[in-house]
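Chemist: From the sequence below, what's the structure:
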Amino acid sequence: MSDGQSGRRSVQGGHSLVVTAAPDPADVQAIRGGLEAHNAAQGAPVDWVPLAVVVRDGQGNLVGGLTGGTYWGWLYISHMWINENLRGKGHGSRVLLDAEGEAVKRSCHHVHLDTHDFQALPFYQKHGYTVYGELQDMPLGHTRYSLQKRLEAG
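Modeler: Got it, this is the predicted structure:
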C-alpha cells in the first residue's frame, strides 16, 4: 500500500486495527494525550521542558550538542553528538556538565539516557553514569545500554 499502511483488520466489538508507517499526526497526539491524562490521574502530570545545549564554531556552524528534556525530577538525554574532529578535547564533557547543571537548576535529582557499545559508554561512565539495563542485539551484534546518574545540587 502506498499510504504506509501494512494492514487493516477487524477486532472484537466492531473496532478496526490499522498498522501503519505513516500515522496521522492527530492520532499520535491523541494517543500521547490519552497517556498523559492517565499519568496525571495517577499523580504524575506531564511537566516536560525541552533542553538543548549546542556547540558552534567561529563561523556559527553547529559542531555538536545535546537534546533532551526534564520531567518528573529527571533529565532525559535523547541525543548527544560532537563532531569527530572535536572529540577528546573537552567539548563533550562541557556540554554534558552544562546540561546537568541546567537540570539541577530545574530541580532535577537524576539523569538517564541510552547509548550503544559503538557510541559513548566509557565517556558516560567516566562522568559517573552507571548501567541499569542492557539490550543485546540492538542492533544485531551490538548492545544498547541504559544509564543513570544521581545529580548533586551545587
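
Chemist: hey, where'd the helices end up in the protein?
Modeler: Using DSSP state H, the helices of the chain run over 25-41, 91-105, 121-126.

Chemist: Would you mind finding the most buried of those helices?
Modeler: helix 91-105 (a mean of 17; mean count of other Cβ atoms under 10 Å). Quick note: C-beta positions are derived from backbone N, CA and C, even for glycine.

Chemist: just how off-centre is it within its chain?
Modeler: 15 Å (Cα atoms, centre = their mean, to the nearest Å).

Chemist: and that helix, what does it pack onto?
Modeler: Applying 3 or more Cβ pairs under 8 Å, 6 or more residues apart in numbering; DSSP states H and E, one finds that helix 91-105 makes contact with strand 49-56, strand 62-71, strand 74-82, strand 110-116.

Chemist: per the record, what domains does this structure have?
Modeler: 5-41, 52-150 (automatic domain parsing).

Chemist: just checking, which of the ones you listed sits deepest inside the structure?
Modeler: It is domain 52-150: most buried of these by mean count of other Cβ under 10 Å, with a mean of 15.

Chemist: Go ahead and name everything in contact with the worst-scoring helix or strand of the chain on mean pLDDT.
Modeler: In the chain, the helix or strand scored least confidently by mean pLDDT, DSSP states H and E is strand 5-11, which has a mean of 72. Strand 5-11 is contacted by residues S16, L17, V18, V19, T20, A21, A22 when judged by Cβ atoms under 8 Å, 6 or more residues apart in numbering.

Chemist: now with 7 Å?
Modeler: The contact list for strand 5-11 (Cβ atoms under 7 Å, 6 or more residues apart in numbering) reads S16, L17, V18, V19, T20.

Chemist: Dump the residues you listed into CSV; add pLDDT and distance to T130 as well.
Modeler: Listed next are those as CSV, based on pLDDT from 0 to 100; distance: Cβ to Cβ, whole Å:
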residue, pLDDT, distance to T130
S16, 90, 45
L17, 90, 40
V18, 90, 41
V19, 92, 37
T20, 93, 38
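
Chemist: So which of these sit within strands?
Modeler: S16, L17, V18, V19, T20 (DSSP state E).
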